[in-house]
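**Student:** Structural data only, the sequence is not supplied:
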């Protein structure tokens, strides 16, 4: 729930979506309080669970329960059968995952998934409604990843300066779209290597991650999965810095590190526990509680892709499966975005 998303919803309201038919749930680490108030003043229902955070619990376990509470609350307020279509717009897969069991008996449900971690959570599920897959669209992977990586690198530089830390060696775990961009941006700043479970794109071949993590001062998780767990903390170099560049707090099983500290209510706090730095409480470093994460000028590409998926969901009928975002609309959006990017500032 960021200001750039508020702008997208303003378009939807202008197109006929009623604020009172809009129900939002944010994530504690990627939600801005001012933006929530703007939505509420507009008449939108925003769940109080949007800020819920207990540092001694994993975010994923907390969030799934919050999503269930949201859907139960919505069911108590509206009758889904009264509407032509009901759209689930998701970031991370939990809304669609939980909704998949909630909405088995409705034919008017469609969903849109924005993130790769959400797609990975859902890809093996038997879907009870169509899901437009913005997450794995070429336009998002090719054009969004560079500026997300650039933002993370800038945040890392700022944090290192603030905390007076001076790492020499860097390991990026995950050679996906963002991981590759991070490597390109950091290879001249540190002695940088990249690790991936796919051996042909990893610098380490068949070597297990647990056998190399002790060599690095800065470890960046960009895999979308748990890469280091509590059994491997003892192998991490003393004073090492852990940075998430993906989703949730799962990259480093962060809850198991946070449990060594008193309960924290600020999910953006940098903590030093067991001789390890965990930045941003283990959440993605590109989110800090401010009104926007990436600049609105950059992230409008993603907003445009999401808006196109919402419009297509309203216009068309799809089968119960993952649906590719139509390439011709991706192409049009990318062309317009590039034209704006090249225009004199």
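**Tutor:** Nice, I can see it. It should be emphasised that the depicted structure is a prediction, and the values quoted were computed from it without experimental measurement. Residues are numbered from 1 along each chain as shown.

**Student:** can you give me the helices in the stretch 201-345 of the chain?
**Tutor:** 254-258, 296-315, 327-342 (DSSP state H, counting those that start in this stretch).

**Student:** of all those, which gets the most neighbours per residue?
**Tutor:** Mean neighbour count (mean count of other CB atoms under 10 Å) peaks for helix 254-258 among those, with a mean of 23. C-beta here means a position set from N, CA and C on the backbone, and glycine is covered the same way.

**Student:** Turn the helices of the stretch 201-345 of the chain into TSV, including mean pLDDT and distance to residue 243.
**Tutor:** Shown next, in TSV, are the helices of the stretch 201-345 of the chain (pLDDT from 0 to 100; distance: least, CB to CB, whole Å):
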stretch	mean pLDDT	distance to residue 243
helix 254-258	96	11
helix 296-315	95	20
helix 327-342	94	27
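
**Student:** right, and these - which one's nearest residue 197?
**Tutor:** Minimum separation from residue 197 across those (CB to CB) falls at helix 254-258, 20.2 Å.

**Student:** Which strands and helices lie in contact with that closest one?
**Tutor:** strand 240-244, strand 271-273, strand 276-278 (3 or more CB pairs under 8 Å, 6 or more residues apart in numbering; DSSP states H and E).

**Student:** mind redoing it with 10 Å?
**Tutor:** helix 59-77, strand 240-244, strand 271-273, strand 276-278 (3 or more CB pairs under 10 Å, 6 or more residues apart in numbering; DSSP states H and E).

**Student:** buried stuff in the second one?
**Tutor:** Of the residues in strand 240-244, those buried by neighbour count under the rule 16 or more other CB atoms under 10 Å are 240, 241, 242, 243, 244.

**Student:** Let me know the closest of those to residue 54.
**Tutor:** So of these, ranked by how close each gets to residue 54 (CB to CB), first place is residue 244, at 18.1 Å.

**Student:** Surely that closest one is in contact with residue 251?
**Tutor:** Yes: taking contacts as CB atoms under 10 Å, residue 244 lies within contact range of residue 251: 4.7 Å.

**Student:** Need the residues touching each of these two.
**Tutor:** Common contacts of residue 244 and residue 251, defined by CB atoms under 10 Å, 6 or more residues apart in numbering, comprise 219, 220, 221, 222, 223, 224, 227, 282, 283, 284.
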